[in-house]
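Chemist: Turn this into a structure:
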Amino acid sequence: MRQTWRWFGPNDPVSVDDMLQAGVQGVVTALHHVPTGQVWTPEEIRRRQDAIAVMSDGAPSGLTWEVVESLPVSEAIKTQTGDWRAHVEAWITSMRHLHAAGIRVICYNFMPVLDWTRTDLAWRRPTGARCMRFDLVDFAAFDLHILQRPGAAEDIPGALQDAAARRFAQMPQGRRDQLAANVVFGLPGAAERLSMPDVRDLLASYAPVTDAVLRRHFHDFLEQVAPVAQDLGMRLCCHPDDPPFPLLGLPRIMSTEADYVERLAAVDLPANGVTLCSGSLGARPDNDLPGMMRRLGDRVHFLHLRNVRRDDDLVPCSFFEDEHLGGQTDMVALIDSVLAEEARRRDLGRNDASIPMRPDHGQDILDDIGRGGQPGYPAIGRLKGLAELRGVEAALSRSHGVPA
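Modeler: Take a look at the predicted model:
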């Protein structure tokens, strides 16, 4: 696996020096400051590459920008409204500019409105560590009593509504405000921040967009971008829904293995691929991560390795982000499946035999606490996770023909 690290740019409190000292081999980043739907210019791409290339004292870092996460897909594209065709053209132009800069892998998602959803961004564990959590009762309280979404009562079971009403009644105003801010935090590092009226307006724009409509719009998008990527030698990899079950009455079309199979078959090109996120997919007990890696491995272009622990095996459910070798996904079995796929690619002579991986998220531990980093992206917590994943890979590598 190619060991990479997500970086949010020069304002990220986790620096290039920190990445280099963590021993990573490449960088995952994006131009979060460029508004969605606009072209990523060669100048802006080069500016980010130059920032990655040097340490704080001006010495060369030796690191390069290897994976884009994310080149955002606008809500206009997903709903096929407004300037959506121009946004697709801007996306393709940005892809061409990234290719010219030497970057070959683009991670993106097709989630409506919110790119990921949590109710707690710093949930305290018994050790004192902090992690992100999705609490189903808190989320229902947000949906029913803070957002006051029309139709919420029809979507939420009565017992959960009762629990949410009790929870909301006990919440001080500060917790209500924090819950609202946490839910709409959106894509970390992005320029946009959503208000409650923004969320209501966006939800209203999705009123005519059913699961079937969103699938069709996604396939339309893929039919335009994937052939260009194929011609360029680029690899596109869609991130799953996070969490992988319906929220806010919105369609969810990238939550299961069956969803991926359908999307890959819709535009059956090698460039149309998968970001296998073990944390997002692991929030459903019916997602078999090692098996998904074996069955979808030919089209897995990027790996997010993290672990979650569910409160129960219902869908939907509450969960928190556990340590990388904790949680309910068998990370050893998953990495074993990854190494088997990489060995298969080496035998075929593929130039993408080493799949880029990043230690996704991490618990805030030690000096991470109070550092003010991006939620889920601490320095020490991710370093701990990377070290654990690196150790598993080293222990398994010999059985896959890779010298230790």
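
Chemist: From the contact counts, what lies against the worst-scoring helix or strand of the chain on mean pLDDT?
Modeler: Lowest by mean pLDDT, DSSP states H and E among the helices and strands of the chain is helix 196-205, with a mean of 88. The contact analysis (3 or more CB pairs under 8 Å, 6 or more residues apart in numbering; DSSP states H and E) places helix 196-205 against helix 75-79. From N, CA and C alone the C-beta is placed, and that goes for glycine too.

Chemist: Give the buried residues for stretch 304-320.
Modeler: Buried residues in stretch 304-320, counted by 16 or more other CB atoms under 10 Å: 304-310, 315-320.

Chemist: now the stretch 151-300 of the chain, which segments are flagged as low pLDDT?
Modeler: Applying pLDDT under 70 to the stretch 151-300 of the chain flags the ranges 186-193.

Chemist: what distance separates the least confident helix or strand of the chain from the middle of the whole chain?
Modeler: 22 Å (CA atoms, centre = their mean, to the nearest Å).

Chemist: just checking, what packs against the helix or strand just after it?
Modeler: Per DSSP states H and E, the first helix or strand lying C-terminal to helix 196-205 is helix 211-232. Judged by 3+ CB pairs under 8 Å, 6+ apart, helix 211-232 is in contact with helix 75-79, helix 84-100, strand 235-238, helix 257-266, strand 272-277.

Chemist: what's next to helix 211-232, contact-wise?
Modeler: 73, 77-80, 88, 91-92, 95-96, 99, 106, 110, 112, 209, 234-236, 251-253, 262-263, 266-267, 269-272 (CB atoms under 8 Å, 6 or more residues apart in numbering).

Chemist: Could you tell me the angle between that helix and strand 272-277?
Modeler: 110 degrees (axes from the mean of the first three to the mean of the last three CA atoms, to 10 degrees).

Chemist: Could I have the CA atoms of helix 211-232 written out in CSV?
Modeler: C-alpha atoms of helix 211-232 as CSV (Å, rounded to 0.1, in the frame of the first residue of the first chain):
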residue,chain,number,x,y,z
ASP,A,211,-33.1,7.4,-5.4
ALA,A,212,-33.8,6.4,-9.0
VAL,A,213,-33.4,10.0,-10.2
LEU,A,214,-30.1,10.5,-8.3
ARG,A,215,-28.8,7.2,-9.8
ARG,A,216,-29.7,8.4,-13.3
HIS,A,217,-28.0,11.8,-12.6
PHE,A,218,-24.9,10.0,-11.3
HIS,A,219,-24.7,7.8,-14.4
ASP,A,220,-25.1,10.9,-16.6
PHE,A,221,-22.1,12.5,-14.8
LEU,A,222,-20.0,9.3,-15.1
GLU,A,223,-20.8,9.0,-18.8
GLN,A,224,-19.3,12.5,-19.3
VAL,A,225,-16.3,12.4,-17.0
ALA,A,226,-15.1,8.7,-16.9
PRO,A,227,-14.3,8.4,-20.7
VAL,A,228,-12.1,11.5,-20.4
ALA,A,229,-10.4,10.1,-17.4
GLN,A,230,-9.9,6.8,-19.2
ASP,A,231,-8.3,8.6,-22.2
LEU,A,232,-6.0,10.6,-19.8
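
Chemist: Go through that helix and flag the buried ones.
Modeler: So, applying 16+ other CB under 10 Å, buried residues of helix 211-232: 213-215, 217-222, 224-226, 228-230, 232.

Chemist: Show me how far that helix is from its chain's centre.
Modeler: 19 Å.

Chemist: Run the angle between it and helix 257-266 for me.
Modeler: Using the same axes, to 10 degrees: helix 211-232 against helix 257-266 is 50 degrees.

Chemist: relative to helix 84-100, how tilted is helix 211-232?
Modeler: 30 degrees.

Chemist: for the stretch 251-400 of the chain, what spans make up the strands?
Modeler: Applying DSSP state E, counting those that start in this stretch to the stretch 251-400 of the chain gives strands spanning 272-277, 300-305, 307-310, 319-322, 356-359.

Chemist: Okay, now the sheet partners of the third one, with direction.
Modeler: Take DSSP bridges as the rule and strand 307-310 pairs in its sheet with strand 319-322 (antiparallel).
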